Each structure stands twice: as C-alpha cells, then as structure tokens.
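Undergrad: next one to model:
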Amino acid sequence: MLWLGLTPIDRKTLSDIAWQKLGDYLQETHLLGSIHSALYWDQNTAMPFGGAKWRGDQLGLLARSLHSRHTSQQYEDLLLSAEEEFETNVKGDKIGLKESIEKQRNLELLVLELNRQKKLDSKLVSQLAMAQTNGYALWQQARKNNDFKCFEPALKNLIFLRQEQAQQLDEPRSCWETLAQPFEPDLTIQRLQELFKPLRKRLPELISKYCHSKDLKKASWDLDEKHQQDLCNLLLKQWGRDKQVTALARSPHPFSITLGPQDFRLTTRVVPQQPLSCFLATAHEWGHSLYEQGLPSQADQWFAWPLGQATSMAVHESQSLFWENRVARSKPFADRFWKSFAEVGAPFHCGNDLWKAMNPLTPGLNRVEADELSYGLHILIRTELEIAFLQEGLEVHEIPFEWNRKYRELLGVEPQSDSEGCLQDVHWSEGAFGYFPSYLIGHLISAQLAEAMTTDFQNEGIDTEDPIGKCITTNNESKLLSWLRENVHHYGKQVNAEQLVEKVTKKPLSSSAFLKYLEKKLELMTSNP
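TA: Numbering: from 1, shown residues only. Below is the predicted model of the structure:
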C-alpha cells in the first residue's frame, strides 16, 4: 500500500493537498497586492506630480487583476476543496484542536471576503483605484495652494463611488457602516456612539479646566531638518530598529506600510515651527511597524492567510498610540531623552521642559500635532462629517464651513484657511471613509491594554505605581514590546478588536481607562511646574 512507507508528517502533507493549493494561490495574490503597495509607497515618497495619471492607470490595472483573482471560479473551487478537505480531516481526527480552530477561522474569513468581492463590479473597482490616485494628487495641490475648489470634484467623485460600492455590497448596514467594515469589522454607528458619548461630554470639560494654565504654551523655537532626523534615528535605534528589514522616508502625510515579510516601511515629515512633529510621528509610525513585525504573518505558516493580518485598524492604532503617547510623551521618557534634544539646540534644561513641550495641552487645528487631551475631538469632528456627507445629505462644498463651525464649538479654535482645516488629512483624498474612528477607538484600547500591562508587571514583582514608567526610565522598552507580542500581536484576525480587548483585559471596551489615565496625567502636569 502507498501509505506503508510514509511517516506521520508525509501522511499529514498528503491530507492537506487542497489546503496547500489554496495557500499557493493566496501567496500569488498577496504578491500581486504587495506590488500595489510598493507603487503606493513610491507614489507617496518619490513620484513626481506629473506621474499621477500613469500611476492611476497602473493601480487601476492592478486593482482589476486583484479583484479578478479574488472572485475567480478557480479561487472559489480551491476554497471549496479546502473546506471539504478540512471537514474530512476534522472527522477523521487528523488535526488537533488548535489547528482546527485556526483553519476554521481562516476559511470563515476567506469565504466572507469572497462573497464581498463577488458583489463588486470590476469596473467600479478600477474606477475607485484611479479616483484614489487622482484624488491624492489633487489633494496635494489643493492643500499646497489652499484651494478646496480644486479638490472638490475629486472628493465628490470618491463619495459617489464609495456610495455605489456600499450599494453593490448590499449589507444590512448603513452606507458609512459598510465602508467602515474593512477597517473595523463589526462596528456600528450605535456602538460608536456608546463609546464616544462620554468623550464628547468630558473632553471639552477637561479642556476648559486645564488649558488656561500659564506655563503650557508652546515655545517659539525650531530645529533644522538634519537634527530632527538624527533624533528620529536615535529613537529608532534605542527602540530596536533592524535596518536590514526597515526603511524610513519622507511623505506629505506620515504612514507605515508592509511590503513583504521582511520589508517594513515607514515615513515621517518635518513641519516648520513644529520641532517635535517629526519625532512624534516617527514614534507613532514605528508603533504601527512593530505591530506588523509581530503578526503571525511573519511565520511561514500564515503568510498571506487572513489570520496573519492585523485584527483591525483600531488595534493597529492602539499600538502606534501606545508608543507615541504612553512611551514617547511620558515623563520618564522625557527625563531620559531631554539631553539629546538639548545637545542639538532645543531650549531644554531638564526633562520637565521636554515633557511640557511634548504635551502642550493647547487646543489646535491639526490632528497629527494634537495632544492626547484634544485629539479625540479632532476625530469626533471628522467622523460626524463623514456620516453627514455619506448618508445625511451634506454637500461637498459645505464641508469647509461645517468643519470650521465644529472646530469653534468643540475646540474653541477656527482655521484661517482650508489647508489648515479640512484639507489637512490625506484620508478623504483616497476615499478612506470610515477609518477615522479607529484612531479614537485605538486610544481607548491602548489605555485599557496599558492598565492590564501595569497589573501584570506589578504581579511579577515590579513594585511601583508605574511599572511601565520604570521600564522606560531604565531603557527597557523591550519588556513592553515583549508583553505586547505575547498578549496582543499574535491574535491577528482570530478575533475582532473588542473580543481581543476583553480577552486581554477581562473587561469590555469602554472609555473609562482612557479618561482615568488622561485625568491623572493632567493633574500631574498642572501640579508639576
């Protein structure tokens, strides 16, 4: 008999033939997707403005090819064969419980995405890709020239195409909820309101209470670009950057992207008269990259499979915000790092100076530069506007007025131009409607995870009120990363964001941990001259 000379491993391999064929197909699809990502990286970091039209055609072709692979009969047949093989192996007790759960989840996610993709017309997919490239190019031009009217037709087209996408998907959700699913699976507007309602009430109260202290204004100073870049490189070196698998570049809007299992890219930017912007953006994007580097996709077993991908964008943002806010904006970090800033010309004489500069507690116009106190209100404004122009009839030409009105009401500031107002973010130029809430949900997740991390460290015997701060003081951020690797990163898409939070913290997600952390920090800052 054929089986007599086979080892258990050989037999297992033969029982997984359909699974392996499906994996090979997914691998090729993932490679094609990584080419799309490489072109996106180039578009944001090096491509001249004149290349936008051709790049749109390139990305449109790739989008059609990817959609074809995601919806082909060959793929559907491979998936069906893998499902049948999996069921046979489960019945024959040929796989263990852990492997069974993982494979079942992979199949569920693949079928879900197949059904979603099959509903979309390939022409619409191509139109969206080209509209995104055109939108990005016109957004850059509009922001540079403070010319919203230049961008208005592109944004109107993107809204129309995304509305059409939601109609084709025909899910039992509103338009905005449907578009939010790729970023935040299972999110509803009702749940969003439950999470954000306490923040909409409490954050303006905290701003009113804490933002009038006389010593919390930004200093008038700057650093040249080389020194800012040197400080970013020093930060990444201390945080364990491996230059063999990472690359750092400049872009109009900072971002992080993964091009392969050993190819992690991130960008930052230098903003005149914002000498800490580049540093904090680098800390933020490095947090994203660390999460990508810790996902199951970095093991050959799950490369190109759903379980190897990020849980959600809110979990992704929780990781970037942890490193930017809980670490880089902390007092222990400032006490350790301030001399590096002083050596290149920053007017700091102690850690407290850097700490106050990192946390200005002054409501401003720019989301990326915002401190933890006002950041959430920036997200609330964008989310409310998205829902309004996608499903409540807000016209595109009305967006600047509504944007400015909401900033007056919630933050007490008003943009003097659209460039520092509704044109500041890249997201709408790419039709990424539904993404913004991930930032604020990420704040909530980050705070709740940090509470659990603190408890675990204290149980290990780190006898201090702030064991995370102690790790930062001793340049032992690797311990923080190890905890995140063990408790957060490995899940991938096994669960959604709220399920992950409950597994790790033993509590449902809420705004409580974030508000508690924020109020404690505000009290400390205002009592520390």
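
Undergrad: residues in contact with residue 446?
TA: 317, 318, 319, 321, 322, 325, 326, 514 (C-beta atoms under 8 Å, 6 or more residues apart in numbering). Backbone N, C-alpha and C define where each C-beta goes, glycine included.

Undergrad: actually residue 275, not the one I wrote
TA: Neighbouring residues of residue 275 by C-beta under 8 Å, 6+ apart: 221, 222, 223, 228, 346.

Undergrad: from residue 517, how far off is the last one?
TA: The gap separating residue 346 from residue 517 is 27 Å, by C-beta to C-beta, to the nearest Å.

Undergrad: neighbour count winner among these two?
TA: Taking neighbours as other C-beta atoms under 10 Å, residue 346 and residue 517 compare with residue 346 leading, 22 against 19.

Undergrad: what residues are up against the more buried one?
TA: Counting by C-beta under 8 Å, 6+ apart, residue 346 has contacts 221, 223, 275, 354, 357.

Undergrad: can you confirm it is in a helix?
TA: No. Going by DSSP: H, G, I helix; E, B strand; the rest coil, the assignment for residue 346 is coil, not a helix.

Undergrad: distance check, it against residue 43.
TA: 34 Å.

Undergrad: the nearest residue to residue 364 once chain neighbours are set aside: how many residues sit nearby?
TA: Nearest residue to residue 364, sequence neighbours excluded (C-beta to C-beta, 6 or more residues apart in numbering): residue 370, at 6.1 Å. Neighbourhood size, residue 370 [other C-beta under 10 Å]: 19.

Undergrad: isn't residue 370 right next to residue 361, touching?
TA: No. Under the criterion of C-beta atoms under 8 Å, residue 370 lies out of contact with residue 361, with a separation of 10.4 Å.

Undergrad: low-confidence stretches in the stretch 301-450 of the chain?
TA: Flagging of the stretch 301-450 of the chain using pLDDT under 70 yields the residue ranges 301-302.

Undergrad: max-length helix in this protein?
TA: helix 17-45 (DSSP state H).

Undergrad: all helices for the stretch 301-450 of the chain, in order.
TA: 313-321, 331-342, 351-358, 372-391, 399-411, 437-459 (DSSP state H, counting those that start in this stretch).

Undergrad: just the C-alphas of the fourth one, formatted as PDB.
TA: Spelled out, it's helix 372-391. What follows is helix 372-391, C-alpha atoms only, in PDB (Å, rounded to 0.1, in the frame of the first residue of the first chain):
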ATOM      1  CA  GLU A 372      -3.900  63.500  24.000                       C
ATOM      2  CA  LEU A 373      -6.400  65.900  25.600                       C
ATOM      3  CA  SER A 374      -7.800  67.400  22.300                       C
ATOM      4  CA  TYR A 375      -7.000  64.600  19.900                       C
ATOM      5  CA  GLY A 376     -10.300  62.800  20.400                       C
ATOM      6  CA  LEU A 377     -12.300  65.900  19.400                       C
ATOM      7  CA  HIS A 378     -10.500  66.000  16.100                       C
ATOM      8  CA  ILE A 379     -11.700  62.500  15.400                       C
ATOM      9  CA  LEU A 380     -15.300  63.200  16.500                       C
ATOM     10  CA  ILE A 381     -15.500  66.100  14.100                       C
ATOM     11  CA  ARG A 382     -14.200  64.000  11.100                       C
ATOM     12  CA  THR A 383     -16.500  61.100  12.000                       C
ATOM     13  CA  GLU A 384     -19.600  63.300  12.200                       C
ATOM     14  CA  LEU A 385     -18.800  64.900   8.900                       C
ATOM     15  CA  GLU A 386     -18.200  61.600   7.100                       C
ATOM     16  CA  ILE A 387     -21.600  60.300   8.300                       C
ATOM     17  CA  ALA A 388     -23.200  63.600   7.200                       C
ATOM     18  CA  PHE A 389     -21.800  63.600   3.600                       C
ATOM     19  CA  LEU A 390     -22.200  59.900   3.000                       C
ATOM     20  CA  GLN A 391     -25.800  59.400   4.300                       C
END
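
Undergrad: could you tell me the angle between it and helix 437-459?
TA: Helix 372-391 runs at 140 degrees relative to helix 437-459, counting by axes from the mean of the first three to the mean of the last three C-alpha atoms, to 10 degrees.

Undergrad: gap between helix 372-391 and the chain center?
TA: Distance of helix 372-391 from its chain centroid, counting by C-alpha atoms, centre = their mean, to the nearest Å, is 16 Å.

Undergrad: then the last one?
TA: For helix 437-459, the separation from the chain centroid amounts to 16 Å (computed by C-alpha atoms, centre = their mean).

Undergrad: which sections of this protein are below the confidence cut-off?
TA: 1-15, 212-219, 297-302, 529.

Undergrad: and the helices in the stretch 151-300 of the chain?
TA: In the stretch 151-300 of the chain, the helices defined using DSSP H, counting those that start in this stretch lie at 175-180, 189-210, 225-238, 277-294.

Undergrad: by contact count, what packs against the last one?
TA: By that I understand helix 277-294. Under the contact criterion of 3 or more C-beta pairs under 8 Å, 6 or more residues apart in numbering; DSSP states H and E, helix 277-294 touches helix 225-238, strand 256-260, strand 263-268, helix 313-321, helix 477-487.

Undergrad: what of the first one?
TA: Contacts defined by 3+ C-beta pairs under 8 Å, 6+ apart place helix 175-180 against helix 148-169, helix 372-391.

Undergrad: render the CA-only coordinates of it in CSV, please.
TA: Taking Å, rounded to 0.1, in the frame of the first residue of the first chain, the C-alpha atoms of helix 175-180 are listed here in CSV:
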residue,chain,number,x,y,z
CYS,A,175,-23.5,53.2,3.9
TRP,A,176,-21.0,54.5,6.4
GLU,A,177,-21.0,51.3,8.5
THR,A,178,-20.5,49.2,5.3
LEU,A,179,-17.4,51.3,4.3
ALA,A,180,-16.0,51.0,7.8
